[in-house]
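Chemist: turn this into a model:
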Amino acid sequence: DLDSLEDFAVYGEFTWQATDEWQLTAGVRWFEQSMKREAFLTSPFYAVDCSLSEAACSTINNSETFSKTIYKLNSSYDIGEDSMVYFTRSQGYRRGGTNTLPAEGERFHEYGVPLTYTPDIVTNNEIGLKGYLFKQRFSYTLAAYYMQWEDIQLDTFSPANDYQMAFNGGEAISQGIELETNF
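Modeler: Numbering: from 1, shown residues only. Predicted coordinates:
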């Protein structure tokens, strides 16, 4: 189990109304997360007397600190009384963590098993058009987006003794066009 998690963040957002039709928004978030895990593991397959076999028992003592700054930028322009165009570039994250793996024993390090994993970050770019038609009985949103996901957190089992763990993978890209309507 995770024994302690400290999460500290400072964030803010500012919107400037440049004209009656045009607005700009900027936001920033800085975070720092510190985590510590202490646990005692024994073999899950059979009863073990740790005084007889220290190799079958392990004390886990993992800790890590992560910090990062993420941001948001947005601009929208009213092109009529019932419609607007917008652009958004924003980031999101999922906190990192520590794995419950025996710290002792070189078998985990030989396989390249990480004792910690870092936060993953998604950067989203979106441009779109929103509005109403027919006396606001019909609403629509048409958007094009491009998202880049870095250091993807993946859940799996370690190659040594099948302990559940997480690790950072590569990156992924999601892009497309979305149409949403409501009548």
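
Chemist: list the helices and strands the lengthiest strand in the chain packs on?
Modeler: Criterion DSSP state E: the longest strand present in the chain is strand 57-80. For strand 57-80, the contact count by 3 or more C-beta pairs under 8 Å, 6 or more residues apart in numbering; DSSP states H and E identifies strand 22-42, strand 83-94, strand 97-98, strand 120-133 as packing neighbours. C-betas here are computed from N, CA, C, even on glycine.

Chemist: hmm, 10 Å instead?
Modeler: Using 3 or more C-beta pairs under 10 Å, 6 or more residues apart in numbering; DSSP states H and E as the contact test, the elements touching strand 57-80 are strand 4-17, strand 22-42, strand 83-94, strand 97-98, strand 116-117, strand 120-133.

Chemist: now render the ones you listed as a markdown table, adding mean pLDDT.
Modeler: Listed next are the helices and strands packed on strand 57-80 as a markdown table, based on pLDDT from 0 to 100:
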| stretch | mean pLDDT |
| --- | --- |
| strand 4-17 | 91 |
| strand 22-42 | 84 |
| strand 83-94 | 95 |
| strand 97-98 | 80 |
| strand 116-117 | 83 |
| strand 120-133 | 95 |
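
Chemist: mind checking which of those is nearest Ala172?
Modeler: strand 120-133 (9.3 Å; C-beta to C-beta).

Chemist: the residue nearest to Val28 when sequence neighbours are not counted and Thr141, how far apart?
Modeler: Leaving aside its sequence neighbours, Val28 sits nearest to Tyr71 (C-beta to C-beta, 6 or more residues apart in numbering; 5.0 Å). Spatial separation of Tyr71 from Thr141 under the definition C-beta to C-beta, to the nearest Å is 23 Å.

Chemist: the nearest residue to Met35 once chain neighbours are set aside: neighbouring residues, count only.
Modeler: On the basis of C-beta to C-beta, 6+ apart, the spatially nearest residue to Met35 that is not a chain neighbour turns out to be Leu5, at 4.9 Å. Residues near Leu5, counting by other C-beta atoms under 10 Å, number 13.

Chemist: just checking, Leu5 touches Ser34?
Modeler: Yes. Leu5 lies in contact with Ser34 (C-beta atoms under 10 Å); the separation is 7.5 Å.

Chemist: residue nearest the centroid of this structure?
Modeler: With distances taken as C-alpha atoms, centre = their mean, the residue of the chain nearest its centroid is Arg94 (2.3 Å).

Chemist: re the thing from before, hang on, isn't the residue nearest to Val28 packed against Gly27?
Modeler: Yes. Checked against C-beta under 10 Å, the pair Tyr71 and Gly27 is within contact range at 6.5 Å.

Chemist: which parts of stretch 78-92 are buried?
Modeler: 78, 84, 86, 88, 90-91 (16 or more other C-beta atoms under 10 Å).
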